[in-house]
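Student: kindly return the folded structure for what I paste below:
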Amino acid sequence: MNAVKRSRTARAAAGVSAGVLLLLTGCDVPGVYRPARPVSGGPFTFYVSPDGDDENDGMSPEKPWRTLDHADTATFRPGDRLRLKGGERFRGAVTLEEGEAGSAARPVVIESYGTGRATIVPRGTSGITVHDTAGVEIRNIALVGDRKALREGVGIAFRATRPGERRLAHVRIANVEAQGFQNGISVGAEEDAVTGYSDVRISDVSVHHNLEAGLAFYGPEFEADSPVYAHTGLRIERVTAASNTGDPGNDRRNTGSGIALGSVRDAKVLRSVAHDNGARSAADAEEGPEGIWVYDSTGVVLENNRSYRNRTGSRVDGGGFGLDNNVSHSVMQYNLAYGNDGPGFLVYSGQATGAHRDNVVRFNMSWDDARKLPEYGGIVAYGSRMTNVDIYNNTVVMRTRNLASAKAAGNGPPALRLRDGMSDVSVHDNILATDGGPLIEAESSYLPGTHQLQGNVYYSMGPWSLTWGSRRFTDLADWRIASGQELLGGEPAGTGDDPCLRALTVPVTDPAGAENLVPRCGDEVSVSMGPQASGVDAGPVDYFGNRLPEALRPGAAQQRTAP
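Tutor: Next up is the predicted model:
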């Protein structure tokens, strides 16, 4: 399964040359034009167009510079703008170094003007590099890498390399497309930097057909005894990360993820999509890519996202969503995963640091996940010294008929898989449904004192089965008596009633119709009692945004529909 994962997403890209900013003053060098920036005043707006001339002052659409190389020799100050003519392609790159850029009130802006997006086409390097500075906004720009950039470049790279405890504040990336790079967008802090960036907003972005990742944050190696998170205050919204293939020549670490967050605190990923990533990844059996995942981080929320058809070239991962090593106080909620090679939702720790704790998985939907790897399941939780994991009000549907992986393994993936290494695990008010495959695969016979299951729906269209340690059960009542699970005040909890989910009989659509995971039966499955009994805060709404009723029902959707 998924062994120790390293801080592994964008480190290779961090070594990409940031370029050297050349600003020549007071001398004449043949063949080098100096931007005619005024000695005082500002801020100023500079224009670049293929119809321009590098001997112009560049300060109006009527007198623009011609080349990006020439524009890159300018020094940018707070409030300055670099504007590229929309619909045109510009060879070269832009680099902002320490001492340039601006502030939240007066940022340096790189953007298009006129009609359409300008496209930056670097020569085997990164497209835009921001090095040891911030106060930068990048808007309405496309970046396309060449064959060398696919191995060595980043579409947009923010890199902090200097030591210090003060983060570089204010980063905005909006309406941007990046393809053909090692990483589409990366934000990182090197080992000596300790801290990286704060107040980061990335929205309405498409990162696709890159080699290692669409969007990646990374930082120094995690120290559990004194954790430091490089980046803080992130909001990632409406990002599409697709067809980031993975590197078939790299078997040392995972490649091919959609969105990967490492070394972050106080972060949200909202209304984003990751699909068809990881198809060419070649990591060994220890690790693989994921659609949207988090590691070495705290206070992260993954909300209202979709992750589907993600793949893995190894025997691990390839899932939809994941809270990985050293993640704490984080939540996966209102997300949909379907058709992934690996698990729909993974909560995992391969490092016995004790830092993986206090995480929640709630009001999510998983439909036909673990298509390649039946040793996973719809929701999977396990790992070294993981504590306080709450899994509730999720809907999981697993169809194993005609599934090649199920035939090869002699069994289908379960709706829920629990493995050793965890304590204080609560599994409440979920709908777990299969077309005949196992409902739960538990590595050990967990006692209610460490793992408590209450108020769940366990429905199978075929033979009812559940594995609890070394024993296999074919009846809910027998398992309840033997395990002590699904009891509340000594009375039976949980049910095997049919929730009437269309998803058990209809194929997965693209994009998947979440309405197929809405129960179409009456209130006879209204047996919810987990959150109320355990004191868990269920949150304000269900998967569809409906306000929660006073008496919760199992599953991610609280409103029933007609059969």
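Student: is it true that Ser112 touches Asn140?
Tutor: Yes. Using CB atoms under 8 Å, Ser112 is in contact with Asn140, at 4.5 Å. (Each C-beta comes from the backbone N, C-alpha and C, glycine too.)
Student: which neighbours do those two have in common?
Tutor: Common neighbours of Ser112 and Asn140 (criterion: CB atoms under 8 Å, 6 or more residues apart in numbering): Gly86, Ala118.
Student: low-confidence ranges in the protein?
Tutor: Filtered on pLDDT under 70, the chain yields the residue ranges 1-40, 285, 401-410, 522-536, 562-563.
Student: ok, 80 please
Tutor: Low-confidence segments of the chain (pLDDT under 80): 1-41, 165, 193, 283-286, 400-411, 522-537, 560-563.
Student: can you pull out the helices in it?
Tutor: For the chain, applying DSSP state H gives helices covering 11-14, 68-71, 147-152, 404-409, 476-483, 530-534.
Student: I'd say Asp375 and Pro414 touch.
Tutor: Not Asp; residue 375 is Glu. No. Glu375 is beyond contact range of Pro414, at 9.8 Å (criterion: CB under 8 Å).
Student: tell me, what residue is most central in the chain?
Tutor: Central residue of the chain (CA atoms, centre = their mean): Ile292, 2.5 Å from the mean position.
Student: in terms of contact, does that one touch Gly258 like I think?
Tutor: Yes. With contacts counted by CB under 8 Å, Ile292 reaches Gly258, the gap being 5.8 Å.
Student: quick check: neighbours shared by these two?
Tutor: Residues touching both Ile292 and Gly258 by CB under 8 Å, 6+ apart: Ala241, Ala274, Ser307.
Student: got the contact list for the first one?
Tutor: This means Ala241. By CB under 8 Å, 6+ apart, the residues touching Ala241 are 184, 207-208, 213-215, 257-259, 272-275, 277, 291-292.
Student: dig out what it forms beta bridges with.
Tutor: Val207, Ala274 (DSSP bridges).
Student: roughly how far does it sit from Gly313?
Tutor: Going from Ala241 to Gly313 by CB to CB, to the nearest Å gives 18 Å.
Student: then the second one?
Tutor: With distances defined as CB to CB, the gap from Ala274 to Gly313 amounts to 17 Å.
Student: what do you get for Asn335?
Tutor: Distance, Asn335 to Gly313, using CB to CB: 24 Å.
Student: cool, and Arg502?
Tutor: Arg502 is 33 Å from Gly313, by CB to CB.
Student: who's in contact with the nearest residue to Gly278 once chain neighbours are set aside?
Tutor: Nearest residue to Gly278, sequence neighbours excluded (CB to CB, 6 or more residues apart in numbering): Gly256, at 3.4 Å. Gly256 makes contacts with 212-213, 244-247, 277-281, 288-289, 311-313, as judged by CB under 8 Å, 6+ apart.
Student: could you do Gly164 as well?
Tutor: Ala193, Val194, Thr195.
Student: just the buried residues from those, in ChimeraX please.
Tutor: Entered in ChimeraX, the line below selects the buried ones among the contacts of Gly164, by 16 or more other CB atoms under 10 Å:
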select :193,194,195
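Student: number of nearby residues for the closest residue to Lys372 other than its chain neighbours?
Tutor: Nearest residue to Lys372, sequence neighbours excluded (CB to CB, 6+ apart): Asp341, at 3.8 Å. Asp341: 26 surrounding residues under other CB atoms under 10 Å.
Student: measure Gly249 to Leu336 for me?
Tutor: Taken as CB to CB, the span from Gly249 to Leu336 is 33 Å.
Student: sorry, slip of the keys, the one I care about is Leu261.
Tutor: 19 Å.
Student: now do Phe90
Tutor: According to CB to CB, Phe90 and Leu336 sit 38 Å apart.
Student: could you do Arg560 as well?
Tutor: Per CB to CB, Arg560 is found 19 Å from Leu336.
Student: just the strands in the stretch 301-450 of the chain please.
Tutor: Secondary structure of the stretch 301-450 of the chain (DSSP state E, counting those that start in this stretch): strands at 306-308, 319-323, 331-333, 336-338, 345-349, 357-362, 365-367, 379-383, 386-392, 395-398, 416-418, 422-428, 431-434, 440-442.
Student: and the strands in the stretch 451-563 of the chain, which stretches?
Tutor: 451-454, 457-460, 466-468, 471-473, 487-488, 491-492.
Student: the third one pairs with which strands?
Tutor: Okay, so that is strand 466-468. Looking at strand 466-468 with DSSP bridges, its partner strands are strand 440-442 (parallel), strand 471-473 (antiparallel).
Student: let's have those in CSV, adding mean neighbour count and distance to Pro163.
Tutor: CSV is the format used below for the strands paired with strand 466-468 (neighbours: other CB atoms under 10 Å; distance: least, CB to CB, whole Å):
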stretch, mean neighbour count, distance to Pro163
strand 440-442, 23, 46
strand 471-473, 15, 55
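Student: out of the contacts of Gly256, grab the one that's most surrounded.
Tutor: Of the contacts of Gly256, with other CB under 10 Å as the count, Pro289 tops at 36 neighbours.
Student: so it touches Gly320, yeah?
Tutor: No. The pair Pro289 / Gly320 is not scored as a contact, 11.3 Å apart, by CB under 8 Å.
Student: could you name every residue contacting both of those two?
Tutor: Common neighbours of Pro289 and Gly320 (CB under 8 Å, 6+ apart) are Asn310.
Student: before we move on, the earlier item: now render the strands of the stretch 451-563 of the chain as CSV, adding distance to Val508.
Tutor: Formatted as CSV, the strands of the stretch 451-563 of the chain follow (distance: least, CB to CB, whole Å):
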stretch, distance to Val508
strand 451-454, 27
strand 457-460, 19
strand 466-468, 24
strand 471-473, 28
strand 487-488, 35
strand 491-492, 34
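Student: the more surrounded of Arg560 and Leu336?
Tutor: Taking neighbours as other CB under 10 Å, Arg560 and Leu336 compare with Leu336 leading, 25 against 18.
Student: look up how far Arg502 lies from that one.
Tutor: Distance of Leu336 to Arg502, given as CB to CB: 15 Å.
Student: Met59 too?
Tutor: Met59 is 61 Å from Arg502, by CB to CB.
Student: having no further points to raise, I will conclude here.
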